[in-house]
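Participant: coords please:
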Amino acid sequence: MSAWSRFKARLGLAGRSLLQSEQHLGALQHLDALSPIAARMPGLEHQLNRIATALENSERHIGLMAQMQARGQILDIVADPRFDDPRRLERSGFKVHSQYDEDGIISEIFRRIGTTNRQCIEFGAGNGTENCTGFLLMQGWKGLWIDGGDAFLPTLNVAWKPELERGQLVARREFITVDTIDTIIRDAGFSGEIDLLAVDLDGNDYHFLENISAVAPRVICAEYNANIPPHVDWKMARRDDYVWEGLDDRTGASLKALEIMLGRRGYALVGCSVAGVNSFFVRQDLVGDKFADPFTAENHYHPWRFFYPASGSVSNWREGPVRR
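Facilitator: Just a heads-up that it's a prediction; the model follows:
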């Protein structure tokens, strides 16, 4: 057993002991106030609080260590010679508001192809604390966020109040289906060409992208199921009542399925996040020689690097884009 494994086991035992002590403390609270044991309660509570604080500090320190380790491994990955091609996107990634490196990749795509009306739409935008378009709004873009979560609007009304009040951000709390999405978009005041559409629904993403017609995005950011190898064309069957509960990974669509379907709709796959979460498509007439071919899943796929959560969700993987 490695040193890390032994340390993890000891932390687990300490955590379980703390929980059991908390249960014992609750039982002691029911004792008669004059009981000798009850008289020692304040001291016991103080000791338990000290243990809890120590565990919380250990968790933070281990999180920082995990970030440092993940940062080093990510830098090793993007240093692979196959990413020396300046048309590739892996070395452009960074995080400001996104979950992983999507902010940097999206910025680089638009640096290459330019922008038009700087409008963006995101399905599954979450509560506004972390998504693929928040950084764009910070730079003056106009956006439509759609999400069905209970915490969606209450959080936005606080964190994004200025943007909502001046109409820069339009928010809709809706449980969307393939049949209703176009109406929701048009009713929110969006139509025709937009610069970016981001889709993160953990389910019917493929079917939304196949059928949406209210807007014509120049760039699409779409979550893919990286558990499925890049050569396999697979997508979940359409289910309008589907909500991902984390029970299994048979959800969404493979990168190959998105490549084929969006290819029919006039888009080319130009890259994926190093974390193996999101894929990026650019309208074919805008691609030229600006991105790395072939525009296939086999060329651009990244596996799901789920062991980098601390690095992706807490801080930047690196100070800025890696240039070679």
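Participant: where in this protein is pLDDT low?
Facilitator: Within the chain, the stretches with pLDDT under 70 are 1-45, 48, 63, 242, 244-247, 306-324.
Participant: what ranges do the helices span in the stretch 101-250 of the chain?
Facilitator: With helices called from DSSP state H, counting those that start in this stretch, the stretch 101-250 of the chain shows them at 102-113, 134-138, 152-159, 161-165, 181-187, 205-211.
Participant: Would you mind giving those as TSV with distance to residue 232 and mean neighbour count added?
Facilitator: For every residue, glycine as well, the C-beta is placed using N, CA and C. Listed next are these as TSV, based on distance: least, Cβ to Cβ, whole Å; neighbours: other Cβ atoms under 10 Å:
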stretch	distance to residue 232	mean neighbour count
helix 102-113	24	21
helix 134-138	32	20
helix 152-159	33	15
helix 161-165	40	14
helix 181-187	27	16
helix 205-211	14	21
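Participant: looking at these, which is closest to residue 171?
Facilitator: helix 152-159 (5.2 Å; Cβ to Cβ).
Participant: what does the closest one contact?
Facilitator: 125-129, 145, 164, 169, 171, 173 (Cβ atoms under 8 Å, 6 or more residues apart in numbering).
Participant: Who wins on neighbours among the residues you listed?
Facilitator: Top of those by neighbour number is residue 145, holding 30 neighbours under the definition other Cβ atoms under 10 Å.
Participant: Identify the residues contacting the closest residue in space to that residue that isn't next to it in sequence.
Facilitator: Nearest residue to residue 145, sequence neighbours excluded (Cβ to Cβ, 6 or more residues apart in numbering): residue 125, at 3.7 Å. By Cβ under 8 Å, 6+ apart, the residues touching residue 125 are 131, 133, 145-147, 152, 171, 198, 200.
Participant: what about 7 Å?
Facilitator: Residues in contact with residue 125, defined by Cβ atoms under 7 Å, 6 or more residues apart in numbering, are 131, 145-147.
Participant: Please report how far it lies from residue 184.
Facilitator: 13 Å (Cβ to Cβ, to the nearest Å).
Participant: Show me whatever sits in contact with both of the two.
Facilitator: In contact with both residue 125 and residue 184: residue 146, using Cβ under 7 Å, 6+ apart.
Participant: Centre-most residue in the protein?
Facilitator: For the chain, the residue nearest the mean C-alpha position is residue 99 (3.9 Å; Cα atoms, centre = their mean).
Participant: Tell me how far that residue lies from residue 73.
Facilitator: For residue 99 relative to residue 73 (Cβ to Cβ), the value is 17 Å.
Participant: same deal with residue 164?
Facilitator: 39 Å.
Participant: Same question for residue 84.
Facilitator: From residue 84 to residue 73 the distance is 19 Å (Cβ to Cβ).
Participant: neighbour-wise, which of the two wins?
Facilitator: With neighbours defined as other Cβ under 10 Å, residue 84 and residue 73 compare such that residue 73 has more, 14 against 10.
Participant: Could you list which residues are in contact with residue 224?
Facilitator: 252-255, 258, 279.
Participant: ok, so of those residues, who is nearest residue 64?
Facilitator: residue 279 (30.3 Å).
Participant: Excluding chain neighbours, what is closest to residue 197?
Facilitator: residue 217 (3.7 Å).
Participant: ok, now which ones touch the one you found?
Facilitator: 194, 196-197.
Participant: picking up where we left off before, let me have the contacts of helix 152-159 in a markdown table, adding distance to residue 91 as columns.
Facilitator: Listed next are those as a markdown table, based on distance: Cβ to Cβ, whole Å:
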| residue | distance to residue 91 |
| --- | --- |
| 125 | 27 |
| 126 | 27 |
| 127 | 31 |
| 128 | 28 |
| 129 | 27 |
| 145 | 29 |
| 164 | 35 |
| 169 | 31 |
| 171 | 34 |
| 173 | 37 |
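Participant: ok so, going back, roughly how far does the residue nearest to the centre of the chain sit from residue 276?
Facilitator: 12 Å.
Participant: Likewise for residue 64?
Facilitator: 23 Å.
Participant: what does residue 143 give?
Facilitator: 25 Å.
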